[in-house]
Structures are given as structure tokens and as C-alpha cells.
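Engineer: Mind looking at a prediction? Sequence and model below.
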Amino acid sequence: MAKKRKLSDTLVQVGLRLPEGLRRKLDAEAGKHGRSLNREIVRRIEASFDLQEIETIIKRTVQETANFTIAGWLYAQQHGELPPIETSPEEVKTGNDEKA
């Protein structure tokens, strides 16, 4: 009995026009990896969606880290765990927070 494909796995033929230089690059990469030109194109298109997802995750992580860092700094500042904002880096290094 033939195995049924999911609708998302059904292959469709798409007419595609590419610049010759790009086709040559894709064909060379396909040959390096033992893939057909079609499979190379499909793999690269699929990878572009993966990259979009990774980019979204990175942006969200950076934002959450920034929020966490700012919140932590504000908490420490409010509870006297950090030197005042106007303290110079030299005063922080020496532990001398008195102004000259």
C-alpha cells in the first residue's frame, strides 16, 4: 500500500527564473554536497525560514536580557548595593566614594 503524504509534504512544480550566475553557484554548491539543484534550492529556502526564527529568538533574548539587567541594576541601586550613578570609575576601583 502506498504511503500517503501530508499536504505540507506534497511536491508542486514551480517555474523559476534565476540569473545564470546564481544558477551556477547553486549548481556548484549542490555538487559539493551531493544534492540535486532542486534539493539545494529547497534546502536554502527552508534554511532562510530557520534563520528568521533564530533571529526572532535572538532579538527576544537580547531584549529580555536587557530588561533583566536594567531591573537588576535598579534593584541594586535602590538597595544601596551599587555606588551612586555619579561615582567615577576610579572611585569604584579604589572604593573611595568621597569627592575631592
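Structural biologist: Nice, I can see it.
Engineer: tally of neighbours for residue 44?
Structural biologist: Using other Cβ atoms under 10 Å, residue 44 has 12 other residues around it. All C-beta atoms are positioned from the backbone trio N, CA, C, and that covers glycine.
Engineer: Now name the helix or strand holding the residue nearest to it when sequence neighbours are not counted.
Structural biologist: Once flanking residues are discounted, residue 44 sits nearest to residue 26: 7.6 Å by Cβ to Cβ, 6 or more residues apart in numbering. Assigned by DSSP states H and E, residue 26 falls within helix 20-32.
Engineer: dump the residue contacts of residue 23.
Structural biologist: If you count contacts by Cβ atoms under 8 Å, 6 or more residues apart in numbering, residue 23 has them with residue 37.
Engineer: ok, it to residue 17 distance?
Structural biologist: 10 Å (Cβ to Cβ, to the nearest Å).
Engineer: same deal with residue 10?
Structural biologist: Taking Cβ to Cβ, one finds residue 10 at 23 Å from residue 17.
Engineer: And for residue 32?
Structural biologist: The value you get for residue 32 to residue 17, if Cβ to Cβ is used, is 24 Å.
Engineer: who's more crowded, these two?
Structural biologist: residue 32 (9 against 5).
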